[in-house]
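*Asks:* Need a 3D model of the sequence below.
(one chain, ligands or ions: 4)
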Amino acid sequence: MSVDWLELEKVAKAWTYEAAGLIKQSLANPIHIEAKSNPDDLVTEVDRAIESFFYHKIDQTYPEHHFLGEEGIAEELNSLDGTVWIIDPIDGTMNFVHQKYNFAISVAVYHDGVGMVGLIYDVMNDELFHAIRGHGAYVNNEELVPVKERPLHESIIGLNAKWLVQEKNPYKNPLKALVRDVRSIRSYGSAALEIAYVAADRLDGYISVNLSPWDYAAGIVLLEEVGCKASTFRGEHLDYLQKSTVIVGKPSLHKEMVSSYVGEEL
Ligand code: IPD
Ligand code: CA
Ligand code: CA
Ligand code: CA
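*Replies:* Ligands and ions are numbered 1, 2, ... in the order given. Model prediction:
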């Protein structure tokens, strides 16, 4: 059955605003925080409630669609065949817990592995980035212009400085060289927002040594609409079923970062 992507985007947007309302309400009460894989990997009952909110909405409205989300509400997915919603209910949970600010809801819809709709909503700033394949990318309904290239030495890159001091990070030295050579770095603590900022020309590139599909799925739809590139550090296509290194940026910057910095065999 063919899907009307413009219509589906409106539905996804309405759910995203509704979910944001629930997140804001939750801030009035104490939030129960747990650690997942390590003491700095946080999750709250709000992350789980919002993922469950989307899961049930999708299941009721589009029972034939599939679901991939961070908090494991749905069964594990082994293929991207058909229509798949890839959702991060709160991207930037550490910011949500510590700052009550700078976090986003990230919703992507892929069809047979191709990104069709991407929404990234900065809840506290009321800033919605959205893109529909072939229809452009927008921030609060204002169209994002095709990217302007800047040379690497004038570029600002999103990067978590922690990667530079982790002994076991095999990319430590290439990343240090990149930090040395670019104009500056920023670290906002939400991969989805940082990728949206590249699409919006607020950053020139963004790099992470370890992201999951729900961190970048929506952002990639935005990037494709404005002519930016995204890949693994080796320049390969991103996988949507497992974790990966991620490098995104304006086309020539992306190429240079891969070929002269992080793309080498280690
Ligand atoms: C995290 C954020 C963070 C990135 C981490 C992600 P979460 O997502 O996007 O900026 O550095 O790698 O796991 O756990 O807050 O959804
Ligand atoms: Ca998390
Ligand atoms: Ca995330
Ligand atoms: Ca999350």
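
*Asks:* Longest helix in this protein, please.
*Replies:* Taking DSSP state H as the criterion, the chain has its longest helix at helix 5-26.

*Asks:* and the residue in the stretch 101-250 of the chain positioned nearest to ligand 3, how many residues sit next to it?
*Replies:* Closest to ligand 3 within the stretch 101-250 of the chain is Asp215: 4.2 Å, counting by Cβ to the ion. Where you see a C-beta, it was placed from the backbone N, CA and C, and this is true even at glycine. Neighbourhood size, Asp215 [other Cβ atoms under 10 Å]: 24.

*Asks:* Just list the residues touching the residue positioned nearest the centre of the chain, thanks.
*Replies:* By Cα atoms, centre = their mean, the chain has its centre lying nearest to Ala192, at 2.7 Å. Ala192 is in contact with 88, 91-92, 104, 106, 120, 215-216, 218-219, counting by Cβ atoms under 8 Å, 6 or more residues apart in numbering.

*Asks:* So for the longest helix of the chain, mean pLDDT?
*Replies:* Mean pLDDT, computed over helix 5-26, is 98.

*Asks:* The strand or helix carrying Ala217 relative to helix 5-26, how many degrees between them?
*Replies:* Using DSSP states H and E, Ala217 sits in helix 213-226. Helix 213-226 and helix 5-26 meet at an angle of 130 degrees, taking axes from the mean of the first three to the mean of the last three Cα atoms, to 10 degrees as the criterion.

*Asks:* how about helix 213-226 as PDB, C-alpha atoms only?
*Replies:* Below are the C-alpha coordinates for helix 213-226, written out as PDB (Å, rounded to 0.1, in the frame of the first residue of the first chain):
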ATOM      1  CA  PRO A 213      20.300   4.600  14.500                       C
ATOM      2  CA  TRP A 214      17.700   6.600  16.500                       C
ATOM      3  CA  ASP A 215      20.400   9.300  17.100                       C
ATOM      4  CA  TYR A 216      20.800  10.100  13.400                       C
ATOM      5  CA  ALA A 217      17.900   8.600  11.400                       C
ATOM      6  CA  ALA A 218      15.800  11.800  11.400                       C
ATOM      7  CA  GLY A 219      18.800  14.100  11.000                       C
ATOM      8  CA  ILE A 220      19.900  12.300   7.800                       C
ATOM      9  CA  VAL A 221      16.600  13.100   6.200                       C
ATOM     10  CA  LEU A 222      17.200  16.800   6.900                       C
ATOM     11  CA  LEU A 223      20.800  16.600   5.700                       C
ATOM     12  CA  GLU A 224      19.900  15.000   2.400                       C
ATOM     13  CA  GLU A 225      17.400  17.700   1.600                       C
ATOM     14  CA  VAL A 226      20.000  20.500   2.000                       C
END
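
*Asks:* Distance from the chain centre to the next helix or strand after it, please.
*Replies:* Note on helix 213-226: by DSSP H and E, the next helix or strand toward the C-terminus is strand 229-231. Distance, stretch centre to chain centre, for strand 229-231: 13 Å (Cα atoms, centre = their mean, to the nearest Å).

*Asks:* what packs against strand 229-231?
*Replies:* helix 213-226, strand 244-249, helix 251-257 (3 or more Cβ pairs under 8 Å, 6 or more residues apart in numbering; DSSP states H and E).

*Asks:* Rebuild the ones you listed as JSON lines, extending it with mean pLDDT.
*Replies:* Below are the helices and strands packed on strand 229-231 laid out as JSON lines (pLDDT from 0 to 100):
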{"stretch": "helix 213-226", "mean pLDDT": "98"}
{"stretch": "strand 244-249", "mean pLDDT": "98"}
{"stretch": "helix 251-257", "mean pLDDT": "97"}
